[in-house]
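1. make a model of this:
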Amino acid sequence: MMKKNTEAGDDMTQKERILNAKHCLDALALGLDPATGAELPDDSVLNRVELSRCFFFVSGLLQELHERGGQGLGLPFALPAEQRAQFPFSERPMLISEICRILNEMADTFVYRQLRTTTITNWLLHAGFLEVSAREGGTPTRRPTALGCTIGLSAEERSGKRGTYTVTLYGLEAQRFILDNLDAMLSSESQPLG
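-> From the prediction side, this is the model:
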């Protein structure tokens, strides 16, 4: 049954807390009081079939979490609309890596995997907002198309240790476009682009 917490409550490790919560949910799913093991009254809200199913489902998630060493569930990236509304849009054009970093910092990394830049850029490429062109030396690079420029994408030449290279910048309109189309981008990641 449910382990007793110490007075400080902080003596349990993360894995122990996960197992403790799982055991509690398992007991509730079986109609038992997690602390005593006694059967819950038949008319208890906790004995409803839909809640029992929910308890078993969450218990399974906690089991997966425990098996991962308490390092997160690893579900596909997601960000609720309320959190998306908090995105710090910038008048300064941003790199796609900056946008992804901000979105990843806003998401619950305990539950969700990191959003990859390629999730966004592959979708933009497939939708005709980006194109692949060859740089000097034949190295492929992604650049905005004329259509991409209409949503706030631009290209900028930069210099680095290995010479000149081109980056795609995401202006304010492009940042909004990404947030507005994020669900489509996320769902396309699980489907082959054709």
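2. helix, strand or coil for the residue positioned nearest the centre of the chain?
-> Compute the mean C-alpha point of the chain, and by Cα atoms, centre = their mean the closest residue is residue 77, 2.4 Å away. When classified by DSSP: H, G, I helix; E, B strand; the rest coil, residue 77 comes out as coil.
3. buried stuff in the helix or strand where residue 158 lies?
-> Using DSSP states H and E, residue 158 sits within strand 153-160. For strand 153-160, burial by neighbour count (16 or more other Cβ atoms under 10 Å) applies to residue 153. C-beta: built from backbone N, CA, C; applies to glycine.
4. now the element after it, going C-ward?
-> Helices and strands here follow DSSP H and E; after strand 153-160, the next one along the chain is strand 163-170.
5. and the angle from that following strand to strand 153-160?
-> Orientation of strand 163-170 against strand 153-160 (axes from the mean of the first three to the mean of the last three Cα atoms, to 10 degrees) gives an angle of 150 degrees.
6. pull out the buried positions in strand 163-170.
-> By neighbour count with 16+ other Cβ under 10 Å, strand 163-170 contains the buried residues 167-170.
7. could I get the residues you listed as TSV with distance to residue 41 and pLDDT?
-> Shown next, in TSV, are the buried residues of strand 163-170 (distance: Cβ to Cβ, whole Å; pLDDT from 0 to 100):
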residue	distance to residue 41	pLDDT
167	65	93
168	62	96
169	63	98
170	58	98
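8. helix/strand/coil for the residue nearest to residue 104 when sequence neighbours are not counted?
-> Distances taken as Cβ to Cβ, 6 or more residues apart in numbering place residue 114 nearest to residue 104, at 5.0 Å, with adjacent residues excluded. What three-state DSSP gives for residue 114 is coil.
9. quick one: name whatever helix or strand follows the lengthiest helix in the chain.
-> Counting by DSSP state H, the longest helix found in the chain is helix 49-67. Toward the C-terminus, helix 49-67 is succeeded by helix 81-84 as the next helix or strand (DSSP H and E).
10. tell me which helix or strand comes right after that following helix.
-> On the C-terminal side of helix 81-84, the nearest following helix or strand under DSSP H and E is helix 96-106.
11. and the next helix or strand after that following helix, which residues are buried?
-> Downstream of helix 96-106, the first helix or strand assigned by DSSP H and E is helix 117-126. Of all the residues in helix 117-126, those buried under the rule 16+ other Cβ under 10 Å are 119-125.
12. can you check stretch 90-98 too?
-> Quick answer for stretch 90-98 (16+ other Cβ under 10 Å): 93-94, 96, 98.
13. can you pick out the most distant pair from those?
-> Spatial extent of those (Cβ to Cβ) is set by the pair 93 and 96 at 10.8 Å.
14. shared neighbours of those two, anything?
-> Common neighbours of residue 93 and residue 96 (criterion: Cβ atoms under 8 Å, 6 or more residues apart in numbering): residue 170.
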